[in-house]
Every structure is written in C-alpha cells, then in structure tokens.
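Trainee: Provide a 3D model corresponding to the input given below.
(chains A, B and C)
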Amino acid sequence: MAAEARVWTLGQIASLVDGKLHGPSDQPVSRPVPAGWDEPSGITFAEDEANLSKAQGSSVGAVLIGPGMVLGDRPHIVVSSPRAAFFRVLGAFETQPFLESGVHPTAVVAPEATVEPGASVGAFAVIEARAVVESGARVFAHCYVGQGSRIGARSVLMPGVVLYPNVVIGADCLLHSGVVLGCDGFGFFWDGSRQMKIPHAGHLRVGDMCEFGANTCIDRATCGDSIVGEGVKLDNLVHIGHNARIGAHTVMAGQVGVSGSVTLGERCVIGGQSGITDHVTVAGGTRVGGMSGVSNDVPDAKELFGIPARPLAESMRSLAALRKLPELFKRVMALESQIKRTQD
Amino acid sequence: MAAEARVWTLGQIASLVDGKLHGPSDQPVSRPVPAGWDEPSGITFAEDEANLSKAQGSSVGAVLIGPGMVLGDRPHIVVSSPRAAFFRVLGAFETQPFLESGVHPTAVVAPEATVEPGASVGAFAVIEARAVVESGARVFAHCYVGQGSRIGARSVLMPGVVLYPNVVIGADCLLHSGVVLGCDGFGFFWDGSRQMKIPHAGHLRVGDMCEFGANTCIDRATCGDSIVGEGVKLDNLVHIGHNARIGAHTVMAGQVGVSGSVTLGERCVIGGQSGITDHVTVAGGTRVGGMSGVSNDVPDAKELFGIPARPLAESMRSLAALRKLPELFKRVMALESQIKRTQD
Amino acid sequence: MAAEARVWTLGQIASLVDGKLHGPSDQPVSRPVPAGWDEPSGITFAEDEANLSKAQGSSVGAVLIGPGMVLGDRPHIVVSSPRAAFFRVLGAFETQPFLESGVHPTAVVAPEATVEPGASVGAFAVIEARAVVESGARVFAHCYVGQGSRIGARSVLMPGVVLYPNVVIGADCLLHSGVVLGCDGFGFFWDGSRQMKIPHAGHLRVGDMCEFGANTCIDRATCGDSIVGEGVKLDNLVHIGHNARIGAHTVMAGQVGVSGSVTLGERCVIGGQSGITDHVTVAGGTRVGGMSGVSNDVPDAKELFGIPARPLAESMRSLAALRKLPELFKRVMALESQIKRTQD
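Mentor: The predicted model follows:
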C-alpha cells in the first residue's frame, strides 16, 4: 500500500523531536514550510532572530526554536537544535517513491541474475545475466541493469536508471532517475580517414552512500576502473569521464563536467557548471567556485575561481581591476598627453 | 491508426492560410522548407527582400508572400502575414508522436490512481497510487508518474518522462522525453564524518502551458513548494534546483542551471548555459546573455552578460578593453621609460 | 547466453596482436590495465620510456612494447605498435551489453513497422508505425522509436533511447542510453500575452558511424532537416538545437551546447562545455577550447578559446595580461604621482 499523506499533531511532533511543547498538543500539522510562509497548519523553525521575526510575521501554525529564544503566544516547541529537529520533521513528511517488495511480475530478470531476498525490482525493469541485486536494494520501474553489474545492499535506483555491464554500486546509494553509469568513455583516434573507437574494457566502481542526481552520467574506464569514492554526492546533469577517480565525500553541484582521467581528492566541493580538464589532479579539500575551469593540477587544497581557475582572491582582484579597466585606459591616455605636453 | 505523411495541394494550402493563390491549385506540396532550399514540391515564405531573393534563386515550388510583394512567375500565395501563415503550414505538416486513446494493456496503473475518461496512457507506463491523469492528458510509453502526482488536462508526457511523487502539472503542458520532475533537491550537511542528507518533504507545482525540453530536471522543494509559473518554456538539459520560483512566461535556453532557492520574476529570458547562484532574486523582465553567471540579486529589469553578470554595456566595454590590454601594457612601459629619461 | 568474463593466456594475447612473446605462454591474463597498475594478472602497454618505467615499477603481469624497447625479465610481447595492439586487447576484453537476436516477446511493435531479419529489439521497446529497424540493428530495452523513424544497418540504440517521429539514423551508429533525438526545437514567439509555440514540421537525419553519448539531445528542424554528418562523435549531455548542420567527423566533448541554425564544417573539435550561438557558421577544421563561447561566424579554420571565443594566442595574451592587471594599476598610479611631482 502506498503511504498516505499524513497529518500529525503538535504533540506528536514534539515527541518526535524530543522537545518541550508550548501550545495545544492536538493542533494539526499538515506540513513543514520555509520561514515566513503563511500556513496555519504548517510548522517551521528558527535558529536566529531573522527567522524568528519571519515566523512571527507570518501565519505559520508552529515554530521549532532553540532554548534561549522567545516567541510569545505562537505555539512552539523548544529543542536543543531547531535545524536538526526540523530535518527530522522533514523526514517524517517526505513521500518516498513507492515500491512493492519482491520482483514485479512484469520485470525481466535473467535466469543467471541474482535478486537477493529482501530486494525489490519494479515494473518493466530488466536485470541481465550475472547481475546481483543485494538485500534491501530497490530497483524501480524501467531500470536496466547490465550483465555482471552489482547493486549493494539498500541502494536505490529510481525509475529509469541505466547501468551498463560490470558497474559495481556500493551499499546505501541513491541513484536518481535518468542516471547512466558505465557508458563508454569518449575515446577515438583519427586513422587518416575517420575517428576510430577505442574499446572500453574497464569497469566503474561506486562506493557506499553515494547519491547521483537526475540525468547524471559517469563513464566506465578504458581499462582498469573509474572509481567514485564513498559518500560522493553529485547533483543533476553532472558528467564524469572515463578513468576518473573521485575521492570520498566530494560534492559537485549541478552540470559540473569532469573530463577523462581526472583525479579528485577527498572532500572537494565543485560549484555548479564548473569543468575540470582531462588528466588533471586536484588535491583533497579543494573548493572550486561555480562556472570555473580547472585546467592545471592543484597540488594543495585551495579555494579557486575563474576560467582558468586561480586562487579566489587573485581572481577577484583581476575581476575588480577588469571592471575599472576602461577607466584605466583614460588615465593612461591622460598621462600620455601630459608627457607629450611636457616634452613639447 | 498512425497518421500518414500527407501531401497537400497549393489550393488546399491557400485555403488553410486564407490567402490568394497565384499558380496551379493542384500543384502538390510535400513539405515546408527554409528559404533558399531547392525543393520543387516544397513551400517557403518571404516577408522581406532577402528571403524573397533566396526563394527566387532556389527551385522551391511555392512561396507565401505579403500583400505588397512581387514574385513573378513562381507560384505564390499572398497573405497578410507570411510568417504567421507559414507557422500554420508547419502545424499542418508536423508529425505528432502517436498515442492510442485509453490505457494501453501493458501499462501498470495502481488501483488507487485515477485516469480520467479521454486521457491516454501508453505502453509500459507506470501510474502510481493516488496519481491523477486528467481528461485529454497523454502519458506516453515508459513514463513513470509517482504517487500523488497530477497531470493537468491535455498535458503531454513524451516517452520516458519521470514524475516523482506529489508533482502537480497544470493544463496544456508539454514535457519532452527524459524530463525528471520532483527529484530530491541537493541538500546535505557535514556531520563531522560524512554528508548527511536533508530530507525533501516539499512538492513541485508547475503552471499551465509550460514546455520543458528533453532531459531537463526540476527538483522539488525541501519544504513548501518549488513553483514554475504558467507559460514557462525551458529548452533541453536545463537544471532547476530545489525551492526555485520561476515567474510566468520566463524562457530559458539549453543547459541553463538555476541553483536552489532562486526566485526569478515573470518574463525573464535566460541565454544558453547561463547559471544563477543559489538564493538570488532576479526581477521580472531581466534578460541574461548566454554563458553568464548571475551571482547577485537583480532588483530591476536589465540586460546582463558575463561571469559574473553585469549590465551588458559595461561587460562589453570591459571585454573591448581586455582585448586591447596587452597593448596598454606596452603603452605604460613606454611612459615609464619616457619618465625615466625625463628624470635622468 | 550472455558472454562470460573471459580469462586469456599470454600466448593467446600474443597471437591476437600478432606479436613476439617473451615469457610463459600459459600465464593467465585477466584484464588490460593502465600503466603503473599493480595487477599480476593484468597486461598494459608502453610506447615510451615513461610508461616503460611505470610498468617496471609495478607488479603488472605483462607489457606490450615496441621493437626497440628493453624490459628485462617481466613477461612482454613485442609488437610494431604497442598502442594499436593494446586497443585490440581492449576490444577482446570489452563486455558488450547483451541483446538476444530477434524481437523480445514483451516489445510492442506496430503492425505497420518493419523489423528486418537479423535485427534485434529488446524487452519493453516500442516501435511505432512505419518505423524501420534495418538488418543487424540492435534496439535495446526501453527504447522508443517514433513513427516513420529509421535505424540503419548495424546501428545500436542502448537502453532508454528515444527517437521522435521521422528521425533517420544511418548505418553503424551507436546511441547511448538517454539520448533523445528529434525533439521539438525551442521556438516560440510572444503574441502579446504569452509565448506561442512554433510547430516543428522538419526532420532529423544522422549519417553513418555516428556516436552520441548518454543523455545527449538533438532537436529536429522547424522545417527542412537538422543534419548530422557521418562519423560525428558527441560525448555525454550535449545539446544540439533545431536546424543545426554538423559536418562529417566533427567531435564534441561533454556538455557542449549548439544553438539553433548553427552550421559547423567537417572535422571541427569542440571542447567540453563550450557553446555556439544561434545562426553562426563555423569553418571546417576549427578547434574550440573548453568553456568557450563562439558568438560570431568563423570563416577560416582556427584554434579558438574564451568567452567570447577569439584566436587562442590572443585570448592567452589577454588572460596573461589580466593576471598582471592589478599590478598595472599600481604602475599607472606611480606614473601619475611622478608626473604630478614633475609638474609641481
């Protein structure tokens, strides 16, 4: 059965977040809302004065606040961390896509494939030979799992994910719809009359607890493995080329492009629409601003920005100078005529 | 039955566009073509001298022209607006993807879902519990409609569209293949040892008459709603983050990226591959050039360009100055040596 | 039956690449690996001293080397071109996605469609009326082939490819998962109160031996044809607008965006995340660096870089100058005070 949209009471919420309720415990709570939303059956949170006054200025039904904060008559729940408590409320109200346990009768599972007990396979999914879907994993409708691929325990493939052959996904991963993993890398050579394709005999290995956004693509290696470390989070429409190595816990915002044979260290943060040139090595902990192009190795963790990417402060100085550049031309012209007059 | 490619006659075209025919009414017309194409059974249009002479220099079969224009012997149809008439001809020749009415026998529709009379659901589509497909809506093959989602009257989901739960689509929308709506937003926080996921309890609401290009993604809200206003048109591979609010009739070209919690006013025009930083608010009527990065609020409608985006004229002045910058270095060096000489 | 992961012997590899073996012919080879990998059952190649010493410093099982090279005791195979030989080894170890020949019983093929003998259609694929799948072509699971579309001999549509109606694909093409071809172009006009859609009556024609990466989109023409020449290779997440004409053997890296009505000559190379403005014509042989924006016609083959794209050397000079710009401000300020002192 699909979960119904639940309505909670303030009392239930207070007990969920282990907080102290000031207000009617039977007040209905229909959903969490951002600070400032007018929703009499909504709940929001405040951990600073700005959000507190936003909440006070709205008709929101209740507010999660910290120990030292004062809200007046508005129903509220006092907790040690309003933000953490609010995330628990979000979790309670989130609607997870629904998947019946077991293998849907319409799914096509090759006889040589393994779907472990406790795994789920949705309608019209295709699981090819020698693929393994581990216990607790959920493969939604319209997914394709190529031969020899492996989906770790409790990992989720949302509707329409494609795994090419020999893609190994760790445990507790979440792959959103339209993700394509293990596609051929982009490798060709010109033989004098046309581009010849370089075969891609390598694999793709993804660690535990990774999340990849909708329509994100990661290619397999030419040979050896493309490797995505544990806890890597990629937003929508990210492209990662063949033989890339992405360090654990690295995060990339939407539409980032990582070319082939790039090595990124652990805990890098790459801003949206940035790109990394092929064969570049980037130190762990590096932070790259949005729309930046990293075209050289980054040996030490830095904050980078720009095309090509340079240390943030340097790029900012250049941009500030560029803004005043038309004026500099005028100043130089003035100097030139002064000198000329001096010399006349 | 699938529609056959139709062949029209010039007489039929003249009557379709309500124009005055000069030429044989039984001349066959196989398809509309761009100005200058050599296609004796084609038809094109001219509303200025440039296109008129392109048409005259080609072997095109017939031309739609305006009242004051002269074309000689070539068959032509005189109409008040050649462009508008040509669009009607395009419509007559367009091949719409075909979908039989009713629910295809292979589709999996949950018992608690509602497919209204007059709606169509294609092969292998999955409609989850509490989802509603309104009258006249068409859900093509391989689409996935999550629980509680709603597709407005006459809206079309091309093959392979995915709606996560609780996505509400207005009437008369067109979602192209690979579109993913309502995906989890990109929200994590570092707990000291790994990125923790922020649940996404919010929804996504899309107004009437929107069109989203192939493989475009729009995330649902963390809480509250992501909102796309009526008449919004997005090209292919666009990314829109969680809690975004896109004003009515705003248009974005291919591969634009809009980060989380951005608010765009009505009738903005965003050029291809541009990006908007999270939490930025952009005034209605703003125009952003291609490959620009809007990283600050835009309080008044402006034309912007560059990374970071600045008023178009300013950016153009800086770019022009940048082009002459190497020369400016030489001029400054010359001044320096002149001064030095003066002082010696 | 799905192909098993094969284990070869060194002797078999030597005979595959037509080389001279120095080492035990029964040594097992489990897979090709990059230079420097520690894999006792792996094989790599070296065509220069750098890779040779990488191989020597690793525990790789065997190495393909050129005629004049010396490797010592490590098992090796001498061939005329180590790289070409290695590509043959890659081909031998590549796992191709598997598709049973013939039409899968779950596929929905319209009675008016043609699947030629020797073609394959996978599970849950949909082939609409008047579509043709030529001999040897392989349409994997979850693909959608719109009415009147044609897939040339031996071309492959990986799982989840969508062809809108009237898309013609040549022979020996490879379309990766999530590719959407023939989608409506992005064409609207403002009628005073809303964006009106321009119908797209044109087609899309793709030449022989093209390869398109995962989630890449190419729109059909407004009228006439969008044309992709033979041998064109596009990486993942590329966007090509309506009425584009892409010359033969042109190559585009990931996330490139080509706007509507662009004409690219033959053998262009476009770097990742670059964009080309609508209606621009680019000469054959042009090379565009990554993250560049081509906004004007390029009449002669050039190497271009930057936003907007300019000849590479010019852009590099401007960037170098920009880096020193803050210092130039200081120099001008110094000149100004010197002049002032002179004049006092």
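
Trainee: Is stretch A:241-260 in proximity to chain B?
Mentor: Yes - against chain B, stretch A:241-260 shows contacts by Cβ under 8 Å from any Cβ of the partner chain at A:249, A:251, A:253-255. Heads up, the C-betas are built off the backbone N, CA and C, glycines and all.

Trainee: May I have that stretch as CSV, with CA atoms only?
Mentor: C-alpha atoms of stretch A:241-260 as CSV (Å, rounded to 0.1, in the frame of the first residue of the first chain):
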residue,chain,number,x,y,z
GLY,A,241,34.5,11.0,-18.0
HIS,A,242,36.3,7.7,-18.2
ASN,A,243,39.0,6.6,-15.8
ALA,A,244,38.1,9.4,-13.4
ARG,A,245,38.8,8.9,-9.7
ILE,A,246,36.6,10.9,-7.4
GLY,A,247,37.7,11.0,-3.7
ALA,A,248,35.4,10.1,-0.9
HIS,A,249,32.8,12.7,0.3
THR,A,250,33.5,15.0,-2.7
VAL,A,251,30.4,17.1,-3.7
MET,A,252,29.6,18.5,-7.1
ALA,A,253,26.7,20.9,-7.9
GLY,A,254,24.6,20.8,-11.0
GLN,A,255,26.0,20.4,-14.5
VAL,A,256,29.6,20.0,-13.5
GLY,A,257,31.8,18.3,-16.1
VAL,A,258,34.8,16.2,-15.2
SER,A,259,36.9,15.1,-18.2
GLY,A,260,38.6,11.8,-18.6
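
Trainee: thinking again about what came up before, could you tell me which of the residues of stretch A:241-260 next to chain B are located in strands?
Mentor: Residues of the residues of stretch A:241-260 next to chain B located in strands (DSSP state E): A:V251.

Trainee: Most neighbours out of the residues of stretch A:241-260 next to chain B, which is it?
Mentor: A:Q255 (31 neighbours; other Cβ atoms under 10 Å in any protein chain shown).

Trainee: Next up, the contacts around that residue.
Mentor: Residues near A:Q255 by Cβ atoms under 8 Å, 6 or more residues apart in numbering or on different chains: A:235-238, A:272-273, B:239, B:255, B:257, B:275, C:255.

Trainee: Now look at the helix or strand of chain A with the lowest mean pLDDT and say if it contacts chain C.
Mentor: Lowest mean confidence among the helices and strands of chain A (mean pLDDT, DSSP states H and E): helix A:325-343, at a mean of 89. Yes - judged by Cβ under 8 Å from any Cβ, helix A:325-343 comes into contact with chain C through A:325, A:328, A:331-332, A:335, A:338-339, A:342.

Trainee: Run the chain-centre distance for that helix.
Mentor: Relative to the centre of its chain, helix A:325-343 is centred 52 Å away, using Cα atoms, centre = their mean, to the nearest Å.

Trainee: Going by contacts, tell me the helices and strands next to that helix.
Mentor: Helices and strands touching helix A:325-343, by 3 or more Cβ pairs under 8 Å, 6 or more residues apart in numbering or on different chains; DSSP states H and E, are helix B:312-323, helix B:325-343, helix C:325-343.

Trainee: Redo the ones you listed as JSON lines? Include distance to C:A129 and mean neighbour count.
Mentor: JSON lines is the format used below for these (distance: least, Cβ to Cβ, whole Å; neighbours: other Cβ atoms under 10 Å in any protein chain shown):
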{"stretch": "helix B:312-323", "distance to C:A129": "49", "mean neighbour count": "17"}
{"stretch": "helix B:325-343", "distance to C:A129": "61", "mean neighbour count": "14"}
{"stretch": "helix C:325-343", "distance to C:A129": "63", "mean neighbour count": "14"}
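
Trainee: quick one on the thing from earlier: show me which of the residues of helix A:325-343 next to chain C is closest to B:G265.
Mentor: The shortest approach to B:G265 among these belongs to A:L325, at 31.2 Å (Cβ to Cβ).

Trainee: doesn't B:K324 make contact with the closest one?
Mentor: No - the pair A:L325 / B:K324 is not scored as a contact, 9.1 Å apart, by Cβ atoms under 8 Å.

Trainee: which neighbours do these two share?
Mentor: Common neighbours of A:L325 and B:K324, counting by Cβ under 8 Å, 6+ apart, are absent.

Trainee: related to what we said a few turns ago, just the C-alpha atoms of the least confident helix or strand of chain A, please, in CSV.
Mentor: Taking Å, rounded to 0.1, in the frame of the first residue of the first chain, the C-alpha atoms of helix A:325-343 are listed here in CSV:
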residue,chain,number,x,y,z
LEU,A,325,39.9,48.8,-16.9
PRO,A,326,38.0,51.2,-19.3
GLU,A,327,38.8,54.0,-16.8
LEU,A,328,42.5,52.9,-16.7
PHE,A,329,42.7,53.4,-20.5
LYS,A,330,41.5,57.0,-19.9
ARG,A,331,44.1,57.6,-17.2
VAL,A,332,46.9,56.3,-19.4
MET,A,333,45.7,58.5,-22.3
ALA,A,334,45.8,61.5,-19.9
LEU,A,335,49.4,60.6,-18.9
GLU,A,336,50.4,60.3,-22.5
SER,A,337,49.2,63.7,-23.3
GLN,A,338,50.7,65.2,-20.2
ILE,A,339,54.1,63.7,-21.1
LYS,A,340,53.7,64.9,-24.7
ARG,A,341,53.0,68.4,-23.4
THR,A,342,56.0,68.2,-21.1
GLN,A,343,58.2,67.2,-24.0
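
Trainee: Hey, what's the angle from that helix to helix B:312-323? Just curious.
Mentor: 50 degrees (axes from the mean of the first three to the mean of the last three Cα atoms, to 10 degrees).

Trainee: I'd like to check what contacts helix A:325-343. Which residues are they?
Mentor: Helix A:325-343 is contacted from outside by A:321, B:317-318, B:320-322, B:324-325, B:328, B:331-332, B:335, B:338-339, B:342, C:325, C:328-329, C:332, C:335-336, C:339, C:342-343, using Cβ under 8 Å, 6+ apart.

Trainee: For A:N215, what are phi and psi?
Mentor: Main-chain dihedrals, A:N215, degrees, to the nearest 10: phi 60, psi 20.

Trainee: Just give the nearest non-adjacent residue to it, would you?
Mentor: A:G178 (3.8 Å; Cβ to Cβ, 6 or more residues apart in numbering or on different chains).

Trainee: Report the contact partners of that neighbour.
Mentor: If you count contacts by Cβ under 8 Å, 6+ apart, A:G178 has them with A:160-161, A:214-216, B:162, B:178, B:180, B:215, B:217, C:178, C:215.

Trainee: So A:V180 sits against A:F212, correct?
Mentor: No - assessed by Cβ under 8 Å, A:V180 is found out of contact with A:F212, at 9.7 Å.

Trainee: quick revisit: B:V167: which of the residues of helix A:325-343 next to chain C is nearest?
Mentor: A:L325 (47.2 Å).

Trainee: how near is the closest one to B:E314?
Mentor: 11 Å (Cβ to Cβ, to the nearest Å).

Trainee: now A:E49
Mentor: To B:E314, A:E49 is 37 Å away according to Cβ to Cβ.

Trainee: A:P67 and A:I77 touch, don't they?
Mentor: No - the pair A:P67 / A:I77 is not scored as a contact, 11.4 Å apart, by Cβ under 8 Å.
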